[in-house]
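> Please find the sequence and the predicted model below.
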Amino acid sequence: MSGTPTDGRGWFRTGVRDYVAHPQHGSLPALLLLLTVTSGLVDAVSILSLGRVFVSNMTGNIVFIGFAAAGAGGFSLGASLFALAGFVAGAYVTGSVISRYGDNRAVLLRDTTAAQTLLLLVATVICFLSSKPLLGTSPVIIAILCAFAFGVQNATVRRLAVPDLVTTVVTMDLIGAVADRNRDRKALRRRALAIVVLFLGALLGASMVLSVGPGWPLALATAVTGLVAVLTAAALRRSAPWMTYKR
């Protein structure tokens, strides 16, 4: 019986180490989980306060564009199209500058999350200064800024290439969790945690929108993204193998 707690603690330490000190990805898994929280937070704001538009998940947004184009009520074709344009622009700009970072993953994440934090901060300020409910051009401007920020995030995460942690959609994680016959426990844990974290971000975001308004979940998402930038900058003080891509 005495060995059981030790075994349990060892399992827990191993699980935590896979996120904060992974031999290949270092602390990237934990940092990307934090970014997954922001996806849930901000999409809660965009769906509930910006006219049923996704800003981080373009699969859902394209479906909404189809609904709006068909004349379904409650969907804004203009807001969805502007969000799509902002997302594509963010991904394009990020993709065009990725080569400047060479093989340094940490510098890429630090700089792109800093830029994302600034974009979300501007969106948050506009949200707080606008009338409630959000009317006129404010929802469109906020949607564009947030979508651009998540275009940046998605392009960055794609380049970082950490398995099962794409931060904005969990469809493949869900499929892998239930359909993978190899039953890799570490992969199953990554996928399940990504799904849970996105759900919790959306739950918290929706609760905040309904209770205190859309500005506060945007502010929280801004703070979390800024935290990722700060933590990545701190990690850069020490060189580690995970920071560079292996050729």
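Yes, it's here. Residues are numbered from 1 along each chain as shown.

> CA only for contacts and neighbour counts going forward, please
Noted.

> can you list the weak-confidence ranges in this structure?
Within the chain, the stretches with pLDDT under 70 are 1-15, 21, 102, 180-184, 246-247.

> which residues in it form helices?
Assigned by DSSP state H, the chain shows helices spanning 3-20, 28-49, 58-69, 77-97, 105-129, 138-160, 171-179, 185-212, 215-235.

> name the helices or strands packed onto the longest one?
Under the contact criterion of 3 or more CA pairs under 8 Å, 6 or more residues apart in numbering; DSSP states H and E, helix 185-212 touches helix 28-49, helix 171-179, helix 215-235.

> Would you mind listing the buried residues in it?
187-188, 190-195, 197-202, 204-209 (16 or more other CA atoms under 10 Å).

> cool, the third one as well?
For helix 58-69, a neighbour-count test (16+ other CA under 10 Å) marks 58, 61-62, 64-65, 67-68 as buried.

> of these, closest to residue 169?
For the buried residues of helix 58-69, the minimum distance to residue 169 (CA to CA) is 9.3 Å, reached by residue 58.

> So the closest one is in contact with residue 82, correct?
No: when contacts are counted by CA atoms under 8 Å, residue 58 is not listed as touching residue 82 (11.7 Å).

> For the buried residues of helix 58-69, give me CSV that also has distance to residue 27.
Formatted as CSV, the buried residues of helix 58-69 follow (distance: CA to CA, whole Å):
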residue, distance to residue 27
58, 27
61, 31
62, 33
64, 35
65, 37
67, 40
68, 41
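
> From the residues you listed, pick the one nearest residue 148.
residue 58 (11.6 Å).

> Excluding chain neighbours, what is closest to the closest one?
Distances taken as CA to CA, 6 or more residues apart in numbering put residue 84 closest to residue 58, at 6.8 Å, once the chain neighbours are dropped.

> For that neighbour, which residues are in contact?
55, 58, 61-62, 147 (CA atoms under 8 Å, 6 or more residues apart in numbering).

> With respect to residue 95, which of these is nearest?
Using CA to CA, residue 147 is the member of the contacts of residue 84 that sits closest to residue 95, with 15.3 Å.

> Number of residues surrounding that closest one?
34 (other CA atoms under 10 Å).

> what's the answer for residue 137, then?
So residue 137, with other CA under 10 Å, has 11 neighbours.

> wait, residue 165 sits on residue 29?
Yes: counting by CA under 8 Å, residue 29 is a contact partner of residue 165 at 7.1 Å.

> between those two, who's got more neighbours?
Of the pair residue 165 and residue 29, residue 165 is the one with more neighbours under other CA under 10 Å, namely 26 against 22.

> who are the neighbours in contact with that one?
Residue 165 makes contact with 29, 32-33, 190-191, 194 under the criterion CA under 8 Å, 6+ apart.

> Next, it: phi, psi?
phi -130, psi 80 (degrees, to the nearest 10).

> which ones are touching residue 34?
Applying CA under 8 Å, 6+ apart to residue 34 gives the contacts 224-225, 228.
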